[in-house]
Structure formats: C-alpha cells, structure tokens
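Trainee: Pasting a predicted model and its sequence here:
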Amino acid sequence: MLVKVYGSAVFGVDATTITVEVNIDKGIGYHLVGLPDIAIKESSYRIAAALKNTGYQLPGKKITINMAPADLRKEGSAYDLPLAVGILAASGQIKSDNVDKYLIMGELSLDGSLQPIKGALSIAIKARDEGFKGFILPKQNAKEAAIVDNLEVLGVENLTEVIDHFDEKKKLQPTVINTREEFYKTLDFPEFDFSDVKGQESIKRCMEIAAAGGHNIILIGPPGSGKTMLAKRLPSILPPMTLREALETTKIHSVAGKIKNAGLLSQRPFRSPHHTASSVSLVGGGSYPQPGEISLAHNGVLFLDELPEFKREVLEVMRQPLEDREVTISRAKFTITYPSSFMLVASMNPSPGGYFNDPSAPIQTSATEMQRYLNKISGPLLDRIDIHIEVTPVPFEKLSETRKSESSVQIRERVTKAREIQSIRFAVLEHIHYNAQMSSKQIREFCKLDTDSLGLLKNAMERLNLSARAYDRILKVSRTIADLELSIDIKSHHIAEAIQYRSLDREGWLG
C-alpha cells in the first residue's frame, strides 16, 4: 500500500515542502531514498523503538520510503514523525484518510515522546501558503508556529496523541495565540533601562543620536567606564519593532533553533559574540549553512566588545554585510541569502593595558604601543562606523546619587519621532529607511548647509585634521541631530555637535 505524508525542509529562512512516499510490499527490508543525511538514515532505529514502546510495530515487510524531490538534500532528525506516521498508515495500523491534509514534523525519542525542531515558523508559513489544513509538530514549538493565522497548529507531546488524532479517538486541539496582544505586551518594559545608568549624560545623548539615525557607533574608554552597560541598553531606546520586522526576526531565530517555547519576538535582538568567534560563526555558513551572529542581530544590535581583540579577517568579512544589509552564502549546488540589517556597537580600550595616556594610570603604555593597538582595526571598517565617542569613568559623586536618570521609554519617544521624520523623507526610496543608509547622492540632497555651517565644517576639517571619510559621516549625524530637534534645516550647532563624534579621525588623538 502506498501512502503520502508531507514534511518540510528549511533552506535559508524559507521552507520547501517534502513529500514522504511510503510503500509497503511483499518481502523484507527497509529502504530510505531521496538524498537523506545520516540523521535521517538512523531514524529507522528511533522509529522502531518508539512504535514498540507505544504498542505498535514496524511491519516485517519490504518498506520503501522516498523523500521527494529526490535531488534535494534533506537533513536533521525532524522527519522521524512523518516517517513513522507514513509507515503506520501504509501498513494499515492507523487510518490514512486525513494524513495528507496535514504537514507533520517532529523528532522521536525512543519512548515515543517528541523533541523540538528548528524552523517551525518558516514551515508553518509554507503550510498555510500551500493550503494544508494543519501543522502537527512538537508542543514546544506550537506557540512559535501559532503566530501564523488561518492554519490549525496542533502541538503534540508524543506519538500516541498523533495516532489517536488520525484514528479519531481523541482530536487534537489547535494552539491559538493573540499575536498582536503578545507582541505589544512587553514593549514598555525593557529588561535593561537607561534609568539605571549613573552619570554619562553626554554618552547617553550620543547613544540617542545613534539610535535615532541607525548609526553604527564605537565606544572608547578604560575598563569600568560603563561601555558594556551602555551598549546593553541601546535596544531599549530603539523604535519598537513593527509586526513585519518581528516576523522576519523570529523566522531567523527559529531557523537557528534559538526560540524556546516562545511566540513572536517583540524585543529587538542584542547579540554579543566573544572575541574568539570565527568568521563562519559571525556571518553564517557551515556544510549546511546556518545564520550567523550578524543575521541573528537582524533588526537589532550587534555588540562587539574589545573590538581590536577580534581577528582581523573576522572583522573584515563584516564589511560587505554592513554595506548591503544582507549576507549571501554560496555552495556548489545552492546559494542562501540571510538578512543582516543591524546596528553595530563596538567598544574598545584605547591601549593594550586598557587606559588612556594618563600618568596616574596603574598600567603605563607608550604612544607607539597605543597606535599599534588601534591599527588592528582597518580603515575600511572604521569608515562604516559613523560615531566615535570617548567614555570616561564615572566620578563618585555621580555614582552615589539616588536620583533616577531619564528612562529608556522617554528617550525612545524622541527617537521614534525622529525615525518617523526619516520614514517620510525616504518614502520614495526603496532601500533607505533612516539617515545612516544614505549614499553620497542622498547626502547632497538632504544635508544642504548654510554659509555658517559650511564655514564651521571647513574650519574643523582643517584645524582638527579630520580625514576625508569623516565628511559624509558628520553630515549624516548632523542630519539626525536636526531631526531629533524637529528642525528642517541643518544648523551650525548641529554640525558642531557632530564633529565631536569623530575621535578616531583626529590626528594626535593619542596626545
């Protein structure tokens, strides 16, 4: 008897439907074809034990299973459940009337219970698009898949529940969540809040500007000055994610298996890889490509602490994704593109010892050593960082204050207003949404200066020995400062403030 059951394979962030054809005939043997990997080939042992421990058995006949399309590589253990259901239906142990109306995925344990799978959201979207009645999957992934409307999402704990559902002994109940309610529930309660930060008002202002314009930022300062603390709070002042952004972000985390019994991600991601990270872990890849840290930070923040400690080749692979806001991974038989539109926040000590050129510092470093340390970061990478800011230690008077600082929610209101202005400004431009994405052409169009501002910028470029690459960055940042003040034109004090945020471009910065 031939039975067809449907599963799914995830490539990149999208799913492809897989037809599992099970044929049981006279003879003996178990033949699994259709380009399965080792994990799928081993499924026969898991399925046999799970069926026996559930009160059923693997038929003692010739079982031929084809996974179509046969030229597409299938991987992972999530095909255990559709294979088991197909075998039971083809051997007549369960009713086969409705098995082809559902998309089925899940990894079996030997006792018949189910383990969670990766990519449940992408598979659910595909199931709805292809007109399946429902999606049967492990209960741990049900909330994640239930984000998709117009699809019955049936979360199950074990194989027995699936069998009872098809035999109509006990129907499974769909998992239903209110996507919008879940999404808006935690928006105004960030885990890390700027009200916890003592002092550092100028740095908070700088972070607000970076958030408002989507600018990449680097924080330079000695140990204990608060660089990491400030960076962790940046997502809390970014504009709330739209439902479209939340869906994009959740899909990527789902594919990477990073969602644990959760629905739609409502908070912007914050990723902080260690400086020993490899190029593949940062941008994605592998034999079966998986998203890297830059894709997991999509629509959020990628924080690189101790930037000069990262290997130079690891940092260099980020240059193209920073520019294109997506990363393409090519293999001999296929190409996968992951989105990677993120804000880069980097921090670094100004020297190997960690301190500025300060006679009272516990560790002394010469100017040559400091310059060599700074030179670990390439010019082209620095070219993609709009704001450089020096972070100084907080004095005791500020640390001992009991007064609460401005909260993240208050700062985010101003940031959101500035982003709305930019959305209107760039409405006709498809790939530009905020100031940091402007090209030279848009800078000339939207960052026009009056005579006073132009004179101030010219004077600063000459006196501070600012590099040519600083020119466009200053104009972009000054445009954002003007937007925060709801000003149509860029004024001289906007330029003056933006000039302060180019520390690493100044000759003689090391003293």
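Mentor: Cool, the structure landed. Numbers count the residues shown, from 1 in each chain.

Trainee: Now do the helices in the stretch 101-250 of the chain.
Mentor: 120-129, 142-145, 159-166, 179-185, 201-213, 227-232, 243-255 (DSSP state H, counting those that start in this stretch).

Trainee: Do I have it right that P308 meets Q371?
Mentor: No: in this structure P308 lies outside contact range of Q371 using CB atoms under 8 Å: 11.7 Å. The way it works is simple: take the backbone N, C-alpha and C, and place the C-beta from them, glycine included.

Trainee: between these two, who's got more neighbours?
Mentor: P308 (20 against 12; other CB atoms under 10 Å).

Trainee: May I have the secondary structure class of the closest residue to that one other than its chain neighbours?
Mentor: Using CB to CB, 6 or more residues apart in numbering and skipping the chain neighbours, the partner closest in space to P308 is K376 (4.0 Å). Classification of K376 by DSSP: H, G, I helix; E, B strand; the rest coil places it in coil.

Trainee: Now do the phi/psi pair for K376.
Mentor: phi -70, psi -20 (degrees, to the nearest 10).

Trainee: Could you report the distance from it to I220?
Mentor: 13 Å (CB to CB, to the nearest Å).

Trainee: Need the three-state assignment for V345.
Mentor: Per three-state DSSP, V345 ends up strand.

Trainee: Could you check the pLDDT of it?
Mentor: The model reports V345 with a pLDDT of 96.

Trainee: How about it: which residues does it bridge to?
Mentor: Beta-bridge pairing of V345 under DSSP bridges involves I217, F303.

Trainee: Tell me who's in contact with it.
Mentor: A210, N216, I217, I218, L219, A231, L234, V301, L302, F303, L304 (CB atoms under 8 Å, 6 or more residues apart in numbering).

Trainee: so who does the closest residue to the first one other than its chain neighbours touch?
Mentor: Here the nearest residue to A210 in space, its sequence neighbours aside, is I217; by CB to CB, 6+ apart that works out to 4.4 Å. With contacts defined as CB under 8 Å, 6+ apart, the neighbours of I217 are C206, M207, A210, M343, L344, V345, A346, I385, D386, I387, H388, I389.

Trainee: Where does pLDDT dip in this structure?
Mentor: Applying pLDDT under 70 to the chain flags the ranges 180, 182-190, 353-365, 468, 505-511.

Trainee: Identify the residue nearest the geometric centre of the protein.
Mentor: Compute the mean C-alpha point of the chain, and by CA atoms, centre = their mean the closest residue is L296, 2.2 Å away.

Trainee: from memory that one sits against V255, does it?
Mentor: No: look at L296 against V255 with CB under 8 Å: they stay out of range, at 9.8 Å.

Trainee: Could you list the alpha-carbon positions for the top helix by length along the chain in PDB?
Mentor: What stands out as the longest helix in the chain, according to DSSP state H, is helix 408-425. Coordinates of each C-alpha in helix 408-425 appear next as PDB, following Å, rounded to 0.1, in the frame of the first residue of the first chain:
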ATOM      1  CA  SER A 408      14.500  54.300  28.200                       C
ATOM      2  CA  VAL A 409      10.800  54.800  27.400                       C
ATOM      3  CA  GLN A 410      11.200  58.600  27.500                       C
ATOM      4  CA  ILE A 411      14.300  58.600  25.300                       C
ATOM      5  CA  ARG A 412      12.600  56.200  22.800                       C
ATOM      6  CA  GLU A 413       9.700  58.600  22.300                       C
ATOM      7  CA  ARG A 414      12.100  61.200  20.900                       C
ATOM      8  CA  VAL A 415      13.900  58.500  18.800                       C
ATOM      9  CA  THR A 416      10.700  57.300  17.400                       C
ATOM     10  CA  LYS A 417       9.600  60.800  16.300                       C
ATOM     11  CA  ALA A 418      13.000  61.300  14.600                       C
ATOM     12  CA  ARG A 419      12.600  57.900  12.800                       C
ATOM     13  CA  GLU A 420       9.100  58.900  11.600                       C
ATOM     14  CA  ILE A 421      10.500  62.100  10.000                       C
ATOM     15  CA  GLN A 422      13.100  59.900   8.200                       C
ATOM     16  CA  SER A 423      10.500  57.500   7.000                       C
ATOM     17  CA  ILE A 424       8.600  60.300   5.400                       C
ATOM     18  CA  ARG A 425      11.800  61.800   3.900                       C
END
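
Trainee: Domain parsing of this structure, as residue ranges.
Mentor: The record's domain parsing of the chain by automatic domain parsing lists 2-166, 185-409, 438-511.

Trainee: can you redo these as TSV with distance to I424?
Mentor: TSV is the format used below for the domains of the chain (distance: least, CB to CB, whole Å):
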stretch	distance to I424
domain 2-166	29
domain 185-409	14
domain 438-511	11
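
Trainee: among those, which is the most enclosed?
Mentor: Most buried of those, by mean neighbour count (mean count of other CB atoms under 10 Å): domain 2-166, with a mean of 20.

Trainee: Can you get me the start-to-end distance on that domain?
Mentor: Taking CA to CA, to the nearest Å, domain 2-166 runs 17 Å from one end to the other.

Trainee: Stretch 399-416 too?
Mentor: End to end - CA to CA - stretch 399-416 spans 29 Å.

Trainee: Distance-wise, check the nearest residue to K52 once chain neighbours are set aside relative to H274.
Mentor: Nearest residue to K52, sequence neighbours excluded (CB to CB, 6+ apart): L58, at 7.8 Å. Going from L58 to H274 by CB to CB gives 45 Å.

Trainee: what about A120, distance to L103?
Mentor: In terms of CB to CB, A120 sits 11 Å off from L103.

Trainee: meant to ask about N465
Mentor: 63 Å.

Trainee: K258 too?
Mentor: Distance from K258 to L103, by CB to CB: 22 Å.

Trainee: same check, this time on D472
Mentor: For D472, the distance to L103 - CB to CB - is 49 Å.

Trainee: Please apply the same query to T416.
Mentor: 39 Å.

Trainee: what's the nearest residue to the residue nearest to the centre of the chain if we skip its chain neighbours?
Mentor: R271 (5.2 Å).

Trainee: Enumerate every residue touching the one you found.
Mentor: Contacts of R271 (CB under 8 Å, 6+ apart): E293, L296, A297, G300, V301, L302, F303, F342.

Trainee: which residues does the fifth one contact?
Mentor: Contacts here follow CB under 8 Å, 6+ apart; on that basis V301 touches A231, L234, P235, L238, R268, P269, F270, R271, F342, M343, L344, V345.

Trainee: how about the residue nearest to the fifth one when sequence neighbours are not counted, what does it touch?
Mentor: It refers to R268. Leaving aside its sequence neighbours, R268 sits nearest to G300 (CB to CB, 6+ apart; 3.9 Å). Listed by CB under 8 Å, 6+ apart, the contact set of G300 reads P235, L238, T249, R268, P269, F270, R271, F342, M343.

Trainee: And K258, by the same measure?
Mentor: L296.

Trainee: again, but for the one 4 residues further on
Mentor: Contact analysis of A262 by CB under 8 Å, 6+ apart lists K143, E144.

Trainee: How about the one 10 residues further on?
Mentor: By CB under 8 Å, 6+ apart, the residues touching S272 are A231, L302, F303, L304, D305.

Trainee: again, only using 7 Å
Mentor: Contacts for S272 (CB atoms under 7 Å, 6 or more residues apart in numbering) come out as F303, D305.

Trainee: Test my guess that A39 contacts S77.
Mentor: Yes: with contact defined as CB atoms under 7 Å, A39 counts as touching S77 (4.7 Å).
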